[in-house]
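J.: Below are the sequence and a predicted model for it; my questions follow.
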Amino acid sequence: MALTILEGSTFCISDERGDIDGETQGLFADDTRFLSRLRLTVNGAKPLLLSAGKVEYFSAAFYLRNPLAGDLPQDAVSIIRHRFVGDGMQDHIVVQNQSMGPLAFELALEVETDFADILSVKEHDFALGDPTRAQPLPEPAACRYEEQHNQFVLEEPDGDGSARTQVILSQRGEVEERKVVYRLELEPRERWELRLDILASIDGDSVMPHTAERRFGEEQTRVRESLASWQLRVPQIRADWELLDHAFFQSVSDLASLRMRGAGRTGRMPAAGMPWFMTVFGRDTLITCLQTLLFGPELARTALEVLTELQARDDNPDVDAEPGKIVHELRSGKAAQKWFRTYYGTADATPLYLVLLSEVWRWTDDSAFVSGFKEPALAALRWIDDYGDRDGDGFVEYERRTPRGLENQSWKDSHDSQRFHDGSLAQTPIAPVEVQGYVYDAKVRTAELAREVWRDRPLAERLEAEAEELRRKFNDHYWTDDRGGFYVLALDAEKRQVDSLCSNVGHLLWSGIVPEERIDAVVDHLMGDELWSGWGVRTMSAGDTGYNPLSYHNGTVWPHDNSLIAHGLARSGRWPEAQRIVRRMLGAASHFGNQLPEVFAGLPRAETPFPIAYPTAARPQAWAAATPVLLLQVLLGLEPDRRRHQLLTRAPEELPSWAGRSLRLSGIRAFGRQWDVRVEHGRVSVDEA
């Protein structure tokens, strides 16, 4: 079982003993693996596990006992490994003789790295890669021991200005190539301690041992103060519905853990998720910000600023870039050197960028901020019309232009996610159903900005006309009368309906593109037996041939997906169904230690007393971590009223009894003021703090 801790974009994946000794384990920073092996042995054998776990998101503890190796008796030696990740990693190992007599034994540590880029390592992950076809990882890097500083230095062959890892030891031992051996003699109850300071540099910089020791002390203080500051800035909750109380608290912690470090605005944003997406992801970043506006506008403002800086200016097929397009992902270190720094293979980030810009305005009424985004917003609109709509039919399609790119470029971006009802795969260019809804919403919202902020009435009228025409054409081309009537997953290269029934239709309620007369049919499908698992809405219906409750995008349950569906149901006035998702999703969270994973299995709740984990799901992941925040907003019916500068509730007159009879959410920031929300005896009230 893997255990992961992180801080910023630095993270460590180890086994439950604290060893790094697997193909996808390691200490990672700057999208580069700086340690691929850290193995501890006692008399040549691995210690036995007692218990292990995270202390905070950035620290862990491993409690071990000696193996029956050499002449050590059972349970004679205890070993504790305390681990901290910050700007590098620090391990503190405490060994104690727990027996009644003296003991002599060997304790050894072996270190190694390959400086592999993170995308190459990801290919060896069974969920998001293909280990059977993955390229071999690099050979171990050169390792030398510097006696003067009592440290191992691992570096690339050229050695000058390239990646380097320092492993600084607080105790001297006998060095054997990549291993240090300590021959210990301990009296009863005697303790022996060792500290490892592990420093990573992508450009070959080195740090003196005494500097490293001071740096790690300062790092631990900084990380704890940063977490405390974050916890004070977000709203505080007190609820007698414990599932909500615990899930919200975990969301706050998870989103704090995902905040990236570094100079500039990027350092204040959450990364997309552990372990392979500890970076800016356009779609994930935008949706996470839309989910967490209860936290205030700062995350969303920062995301808009960063994504505007990264917005494509040129047409570059090598990275699927076109003018005005919003970035899909940003990479650094070895990944940037081997693959790309910026990659633009996503069809939905660009309209979602416009949706978030509008939503920030609706929560702040900050016209000055929005005015500064007119040109990038217009560039995004031009991309939608001139590049996103590849064939001029009024719909946004995707098709990769680089062999290194993603085959599918909607949120369901796995290679097999676009399936017909009979299970066959659709061919690109593909026009995903939910992306048309995003474009519709983007044009409606941007028309509002054009009229009220930019004072450009002709633009507003044009966008409104285009949105209405898209709505009409969309409802003609994406609707099928089969199976009681539903919106299909996509249109394929030949404009055929990709006729599987998927959770994507719930996003259409969120975007508002569904006409009133079809809302009931959409809701009935979402909450019917084929899509509703009992824990949440499945990504694909059980009535489709391609359905598999264990498939990444073809039958599993995604929390963020369900949060957007719940928001869409509430927008459509379907409160019982929205509340049902809130209840079951937070109930599922309780089975995952209150930490919703990226995805879990779509097996029926009637057959599973608890939700079934997807073994390689990212945890924490930003839009999964943000899900309880948006679900709380949905439950309370909270919406900003920009014209009156008020936070309102549109919740039903009385909340269901399972939601608890008492709740207080204090410190919500909107329109430059703070608001408190109370639930007493099931009734919601909002007051200025």
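T.: Thanks, I have it. Numbering: from 1, shown residues only.

J.: Tell me how far Tyr57 lies from Ser226.
T.: For Tyr57, the distance to Ser226 equals 11 Å [CB to CB, to the nearest Å]. From N, CA and C alone the C-beta is placed, and that goes for glycine too.

J.: Also Gln646?
T.: Applying CB to CB, the value for Gln646 to Ser226 is 32 Å.

J.: can you check Ala303 too?
T.: Ala303 sits 19 Å away from Ser226, going by CB to CB.

J.: which of Tyr57 and Ser226 has more neighbours?
T.: Set Tyr57 next to Ser226 and count neighbours by other CB atoms under 10 Å: Tyr57 wins out with 21 against 16.

J.: ok, now which ones touch the closest residue to the more buried one other than its chain neighbours?
T.: Nearest residue to Tyr57 in three dimensions, chain neighbours excluded: Ser257, at 3.5 Å (CB to CB, 6 or more residues apart in numbering). Neighbouring residues of Ser257 by CB atoms under 8 Å, 6 or more residues apart in numbering: Leu6, Glu7, Tyr57, Phe58, Pro620.

J.: okay if I get those as a markdown table plus secondary structure, pLDDT and distance to Thr279?
T.: Converted to a markdown table, the contacts of Ser257 look like this (DSSP: H, G, I helix; E, B strand; the rest coil; pLDDT from 0 to 100; distance: CB to CB, whole Å):
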| residue | secondary structure | pLDDT | distance to Thr279 |
| --- | --- | --- | --- |
| Leu6 | strand | 88 | 12 |
| Glu7 | strand | 85 | 15 |
| Tyr57 | coil | 87 | 17 |
| Phe58 | coil | 89 | 18 |
| Pro620 | coil | 88 | 14 |
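
J.: any idea of the pLDDT on the closest residue to Gln220 other than its chain neighbours?
T.: Spatial nearest neighbour of Gln220, excluding adjacent residues (CB to CB, 6+ apart): Phe84 at 6.1 Å. pLDDT for Phe84: 92.

J.: Which secondary structure element is home to Phe84?
T.: Element membership for Phe84, per DSSP states H and E: strand 77-86.

J.: So which elements touch that strand?
T.: Applying 3 or more CB pairs under 8 Å, 6 or more residues apart in numbering; DSSP states H and E, one finds that strand 77-86 contacts strand 3-7, strand 10-14, strand 37-42, strand 59-65, strand 88-97, helix 209-233.

J.: what are the ranges of the strands in the stretch 301-450 of the chain?
T.: Ranges of strands within the stretch 301-450 of the chain are 329-330, 342-343, 431-432, based on DSSP state E, counting those that start in this stretch.

J.: Test my guess that Glu123 contacts Ala134.
T.: Yes - between Glu123 and Ala134 there is a contact at 3.7 Å, judged by CB atoms under 8 Å.

J.: between these two, which one's more packed in?
T.: Neighbours were counted for Glu123 and for Ala134 using other CB under 10 Å; Glu123 has more, 18 against 15.

J.: Could you check how far the more buried one is from Met260?
T.: From Glu123 to Met260 the distance is 23 Å (CB to CB).

J.: now do Ala588
T.: As judged by CB to CB, Ala588 and Met260 stand 28 Å apart.

J.: Specify the beta-bridge partners of Val686.
T.: For Val686, the beta-bridge partners are Val677 (DSSP bridges).

J.: so who does it touch?
T.: Counted by CB under 8 Å, 6+ apart, Val686 has contacts Leu638, Gln646, Leu647, Leu648, Thr649, Trp675, Asp676, Val677.

J.: what about 10 Å?
T.: By CB atoms under 10 Å, 6 or more residues apart in numbering, Val686 lies in contact with 636-638, 646-649, 651, 665, 668, 675-678.

J.: For Leu186, find the nearest of the helices and strands packed on strand 77-86.
T.: Nearest to Leu186 among those is strand 88-97 (3.9 Å), distances taken as CB to CB.

J.: Give the partner strands of the closest one in its sheet and their orientations.
T.: Going by DSSP bridges, the partners of strand 88-97 are strand 77-86 (antiparallel), strand 191-201 (antiparallel).

J.: Run a quick check on Leu526 versus Ile565, I expect a contact.
T.: Yes - Leu526 lies in contact with Ile565 (CB atoms under 10 Å); the separation is 6.4 Å.

J.: more neighbours, those two?
T.: Ranked by neighbour count (other CB under 10 Å), Leu526 and Ile565 place Ile565 first, with 31 against 27.

J.: and the more buried one, that's in a helix?
T.: Yes - Ile565 sits within a helix when classified using DSSP: H, G, I helix; E, B strand; the rest coil.

J.: My read is that it contacts Glu577, right?
T.: Yes - the criterion here is CB under 10 Å, and Ile565 meets it with Glu577 at 8.9 Å.

J.: where do the contact lists of those two overlap?
T.: Taking CB under 10 Å, 6+ apart as the criterion, Ile565 and Glu577 both touch Gly506, Leu509, Val523, Leu526, Met527, Val537.

J.: Mind checking which of those residues land in strands?
T.: Using DSSP state E to define strands, no part of the shared contacts of Ile565 and Glu577 is located there.

J.: Make a markdown table from those residues and add pLDDT and distance to Gly101 to it.
T.: Below are these laid out as a markdown table (pLDDT from 0 to 100; distance: CB to CB, whole Å):
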| residue | pLDDT | distance to Gly101 |
| --- | --- | --- |
| Gly506 | 97 | 67 |
| Leu509 | 98 | 71 |
| Val523 | 98 | 72 |
| Leu526 | 98 | 68 |
| Met527 | 97 | 67 |
| Val537 | 98 | 62 |
